[in-house]
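S.K.: need a structure here:
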Amino acid sequence: MSKHICYVFFTVASGMLLSACAAQERSIRSEKSSVEAEPGRAKSQPIDIINQTLIDLSHTFNQQTIYWPTENGFRLIPEKAGITDKGYYYSSNRFMAAEHGGTHLDAPVHFNENGKPVDQLSPQQLMGEVALIDVTNACMENPDYQIGVADLRAWEQKTGRQLVDVIVLIRTGYAQHWPNRKKYLGTDRLGPEAVANLHFPGLAPEAARWLTEHRAIKAIGLDTASIDYGQSTRFESHVTLFKHQIPAFENVADMSRLPMQGATLVALPMKIGGGSGGPLRIVAWLPD
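M.R.: Just a heads-up that it's a prediction; the model follows:
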């Protein structure tokens, strides 16, 4: 084939390729424009977390951190702190703690043999919009109050929404008692015999069943030491929630600044392989 024919062939082929690419680009632009112009079509928007009002919903882990009466408390064990022989400062500690204590997550395997452990929970399940159920008045009158279906339905009636694809947070007001064990747990005694003296609010078993059978929440949390109320002996709400792979947050810090709806939450636990729970850092940011 002569050089002239090769040049013509290459020119024609290049032109055809450029024309095809231009046509494809026009098609993509047209399709994008039609999608953007489609009424009611949700478009993803970046979230500027840096400039949002952030709320830390986690208690600090220290010697005052509240654990179940049968557990040892949090221990921070200093190892090194000072100037090294090379002239720079260096510090290092060890810590010891039970999985369940302080602000922490209960994974489904905690009360379900076939439930997911901490490391198998997807981040998507641990972040989302908050549905705040405020029962502080009822809990002030009755330390053994159990949040019922009526309390959950009241939120739906006020907001005109259902408890679907949200993280339910129950505010009992008990975070204000932290770290006073007597006020927070109902007893400051330790050991197995102290469990019978526990008094604090929790989620009623029938409410747990209603949430799992008639609604679809991502996770649930509250500002007391357990999802079940203090006097529970069978932990039925735990069992029901975890049967449906719904994790729980316990000992959530002060929720008083959260609105009834619209806040966004991220709750990331220590990723313990096979863990039934773990320390949890919860952060929420308020809607604009």
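S.K.: okay, now the domains of the protein?
M.R.: The record's domain split for the chain, according to automatic domain parsing, is 1-39, 54-72+99-285.
S.K.: which of these sits most buried?
M.R.: domain 54-72+99-285 (a mean of 19; mean count of other Cβ atoms under 10 Å). C-beta coordinates here come from the backbone N, C-alpha and C atoms, glycine included.
S.K.: roughly how far is it from the heart of the chain?
M.R.: 10 Å (Cα atoms, centre = their mean, to the nearest Å).
S.K.: how long is that domain end to end?
M.R.: 4 Å (Cα to Cα, to the nearest Å).
S.K.: rounded to a whole number, what's the mean pLDDT of that domain?
M.R.: Average pLDDT, domain 54-72+99-285: 98.
S.K.: which of the domains of the chain sits closest to S91?
M.R.: Closest to S91 of the domains of the chain is domain 54-72+99-285 (Cβ to Cβ; 16.2 Å).
S.K.: where exactly do the strands run in the stretch 51-200 of the chain?
M.R.: 54-56, 75-83, 89-96, 104-106, 127-134, 146-147, 167-171 (DSSP state E, counting those that start in this stretch).
S.K.: can you list contacts of stretch 143-151?
M.R.: 133, 135, 138-139, 170, 172, 186, 199-204, 206-207, 210, 222, 229-231 (Cβ atoms under 8 Å, 6 or more residues apart in numbering).
S.K.: which of those fall in helices?
M.R.: Secondary structure from DSSP state H places 138-139, 206-207, 210 of the contacts of stretch 143-151 in helices.
S.K.: and these, which two are furthest apart?
M.R.: Across the ones in helices among the contacts of stretch 143-151 (Cβ to Cβ), the longest gap, 19.6 Å, separates C139 and W210.
S.K.: can you read off the pLDDT for G82?
M.R.: For G82, pLDDT reads 98.
S.K.: so what sits opposite it in the bridge?
M.R.: Note on G82: beta-bridge partners by DSSP bridges are Y90.
S.K.: pretty sure it sits against Y88.
M.R.: No: the pair G82 / Y88 is not scored as a contact, 10.3 Å apart, by Cβ atoms under 8 Å.
S.K.: sorry, back to before: of the strands of the stretch 51-200 of the chain, which is nearest P117?
M.R.: Smallest distance to P117 across the strands of the stretch 51-200 of the chain (Cβ to Cβ): 10.7 Å, for strand 104-106.
S.K.: that closest one pairs with which strands?
M.R.: strand 248-250 (antiparallel), strand 277-285 (antiparallel).
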